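Asks: When you get a sec, could you give me coordinates for this:
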Amino acid sequence: MNLLELIRNIELFRGLNTEELEAIAAICKSRNLSKGEILVTENEIGDEFYIISQGAAEVLVRAAAPTPQSIIHLGSGQVVGEMALVDKGPRSATVKVLQDNTRVQVIHNADFKALCEENKNIGYVVMGNIA
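Replies: A predicted model of the protein is given here:
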């Protein structure tokens, strides 16, 4: 599946037209990861959003447990860290890669904000979908 089709199927971007989806695809940066790598760490400040385009990852939270507990596995077309598009707050979970050759598409907060300045509808639709 190409990047545009991947993005088109993500709920966060529901309601955007093809031109707007292409603009989002244009700010994506591909990153390859290996099994065991940590994509994001709970409580660290986040300024990137990730779309899993290939492979799998697991979301871990500490809560009151002495060791992180797995709460969900994510695969192609799922997202991580979408709140980083809104603010640069602390991450709510740790995300660990489960498979070699996992690929994510990275969107930096600054790039997304600049895109929203060019096309306010993108920000309006995405923020509405987050809410």
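
Asks: Tell me how far the helix or strand where residue 52 lies lies from the chain's centre.
Replies: With elements taken from DSSP states H and E, the one containing residue 52 is strand 48-54. Strand 48-54 has its C-alpha centroid displaced from the chain centroid by 4 Å (C-alpha atoms, centre = their mean, to the nearest Å).

Asks: Strand partners (parallel or antiparallel) of it?
Replies: Applying DSSP bridges to the sheet, strand 48-54 is found paired with strand 79-80 (antiparallel), strand 102-108 (antiparallel).

Asks: in the protein, which spans are helices?
Replies: 3-8, 18-27, 109-118, 120-130 (DSSP state H).

Asks: Quick check: can you name the pairing partners of the worst-scoring helix or strand of the chain on mean pLDDT and their directions?
Replies: Confidence across the helices and strands of the chain bottoms out at strand 69-75, with a mean of 91, counting by mean pLDDT, DSSP states H and E. Strand 69-75 has the following strand partners under DSSP bridges: strand 56-61 (antiparallel).
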